[in-house]
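S.K.: quick one: sequence plus predicted model below, questions after.
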Amino acid sequence: MQLPSRRRPARPLPALSLACAGAVALAGCSGTADAGAAGADGDQLAVVAAFYPLAWLSEQVAGDLADVTSLTPDGAEPHEYELTPRDVAATAEADVVVFLPTLQPAVDAAVEQQAAEHAFDAGEPADLSLTFEAHDHGHAEDEEDAEKEHGGEEHGDEEHADEEVTDPHFWHDPMRMAAVGEALAEHLATVDEANAEQYAANAAVLRGELEELDGEFRAGLADCASRELVTSHTAFGYLADAYDLEQFGISGLAPDEEPATEALTEATGFVREHDVRTIYFETLVSPAVAETVARETGAETRQLDPIEGLTDQSAGGDYLELMRANLAGLQAGQQCS
């Protein structure tokens, strides 16, 4: 099906992108997204997604009407990924950029500079309702350093300690994913009106699959000996909220944060107090934090995938398979019947 032409004039690119342009012709620049390649034949929308869960969601909603690329390569940790010049160019050339504010500062900057007029903010339909204080588990200084680095206002320690940080990891709740999928379908329809019904139909199919997944989680986690979920990275708040678990994250939102000594002590006390038998570590980051707490308490460690990207060690090939692998791991680790 031929789409109406919507290609917009190219936007001015940062100096780094222009410098790389000549090199691309000779040797190429590293990156996942290919500026100007997606949708070049006019038959498909060019959709650029910030990282894996948003790319998977975009593929389900757009189907074969779009060429979807991810800015974050497989195996890269999205929180810290720095965009290449080609990535920045891709955000400028895309018909739609799907992103999640605050998770990836580099993507936020590229969207603001290159893609403000054609960006889809997944955070709004996801209803990012979970927050926690920035100083939880001893990370106030890390949060403050990050804010200063990205141009935020400087705060004194006391003022910053009271700051609330929004949890962006909504994709661990299938029903929030369904809501984002429906909103994305509506957004795609504004860009490509001729295929509005198809986008809506795809989103409806996706909602059915996610409702089935949600039902499996509700049934699978209904009767567990432990409802305390101790993780190395504070990434599973929406999962815990949806399925009546209590998350205790040893580190903060960034998975590579080194927890302060008092955070490890607090985690050890929590595990002993609640007789927690399993500490969860993640793909993409070192299991050292989880192993430290497990060693001190006699608990075991088990992998729980944050589903922020695919790797060779991933327990499945797509979002649905990874979620079901996580469910199986949780049932074992939380001693569910």
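M.R.: Alright, I've got the coordinates. The model shown is predicted, which means the values in this text are computed figures rather than measured ones. Numbering: from 1, shown residues only.
S.K.: unless I'm mixing things up, Leu206 is touching Val61, no?
M.R.: Yes: at 6.4 Å, Leu206 and Val61 qualify as touching, with contact defined as C-beta atoms under 8 Å. For every residue, glycine as well, the C-beta is placed using N, CA and C.
S.K.: how many other residues sit next to Arg272?
M.R.: If you count neighbours by other C-beta atoms under 10 Å, Arg272 ends up with 13.
S.K.: wouldn't it be in contact with Thr297 here?
M.R.: Yes: taking C-beta under 8 Å as the definition, Arg272 is a contact partner of Thr297 at 5.7 Å.
S.K.: which stretches of the chain form strands?
M.R.: Under the criterion DSSP state E, the chain contains strands at 45-49, 66-70, 96-99, 119-121, 131-133, 164-166, 228-231, 246-249, 278-281, 300-303.
S.K.: looking at Leu206 and Val61, which is more packed in?
M.R.: Using other C-beta under 10 Å as the criterion, Leu206 and Val61 rank with Val61 on top: 29 against 22.
S.K.: what pLDDT does the more buried one get?
M.R.: Note on Val61: pLDDT of 98.
S.K.: try Ala200
M.R.: For Ala200, pLDDT reads 98.
S.K.: show the contacting residues for it.
M.R.: Shown in contact with Ala200 (C-beta atoms under 8 Å, 6 or more residues apart in numbering): 182, 185-186, 189.
S.K.: from the residues you listed, which is closest to Leu322?
M.R.: Comparing the contacts of Ala200 against Leu322 with C-beta to C-beta places Glu182 closest, at 21.7 Å.
S.K.: residues near the closest one, how many?
M.R.: Counted with other C-beta under 10 Å, residues neighbouring Glu182 total 18.
S.K.: and His169, how far from His274?
M.R.: Using C-beta to C-beta, to the nearest Å, His169 is found at 22 Å from His274.
S.K.: cool, and Thr102?
M.R.: As judged by C-beta to C-beta, Thr102 and His274 stand 30 Å apart.
S.K.: go through the strands of the chain and pick out the most buried.
M.R.: Mean neighbours per residue, mean count of other C-beta atoms under 10 Å, is largest over the strands of the chain for strand 45-49, with a mean of 28.
S.K.: so what strands line up beside it?
M.R.: The pairing partners recorded for strand 45-49 under DSSP bridges are strand 66-70 (parallel), strand 96-99 (parallel).
S.K.: how far does it sit from its chain's centre?
M.R.: Chain-centre distance of strand 45-49: 17 Å, with C-alpha atoms, centre = their mean, to the nearest Å.
S.K.: touching it from outside, list them.
M.R.: In this structure, residues lying in contact with strand 45-49 by C-beta under 8 Å, 6+ apart are 3, 33, 38-40, 55, 57-58, 62, 65-71, 90-91, 93-99, 188, 191-192.
S.K.: returning to what we had before: export the strands paired with strand 45-49 as a markdown table, with columns for distance to Leu304.
M.R.: A markdown table is the format used below for the strands paired with strand 45-49 (distance: least, C-beta to C-beta, whole Å):
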| stretch | distance to Leu304 |
| --- | --- |
| strand 66-70 | 22 |
| strand 96-99 | 25 |
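S.K.: closest to Ser129 out of those?
M.R.: Minimum separation from Ser129 across these (C-beta to C-beta) falls at strand 96-99, 19.1 Å.
S.K.: chain center to the closest one, what's the gap?
M.R.: Centroid displacement of strand 96-99 relative to its chain, using C-alpha atoms, centre = their mean, is 13 Å.
S.K.: give me the residues contacting that strand.
M.R.: Contacts with strand 96-99, where a contact means C-beta under 8 Å, 6+ apart, come from 45-50, 54-55, 57-58, 66, 91, 107-108, 111, 115, 118-122, 184, 187-188, 191.
S.K.: let's see that with 6 Å instead.
M.R.: With contacts defined as C-beta atoms under 6 Å, 6 or more residues apart in numbering, strand 96-99 is touched by 47-50, 54, 58, 91, 107, 111, 115, 118-120.
S.K.: mind saving the C-alpha coords of it as CSV?
M.R.: Provided in CSV are the C-alpha atoms of strand 96-99 (Å, rounded to 0.1, in the frame of the first residue of the first chain):
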residue,chain,number,x,y,z
VAL,A,96,8.2,9.4,14.1
VAL,A,97,10.6,9.2,17.1
VAL,A,98,9.3,7.1,20.0
PHE,A,99,11.1,8.0,23.2
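S.K.: tell me the mean pLDDT over that strand?
M.R.: In this model, strand 96-99 has a mean pLDDT of 98.
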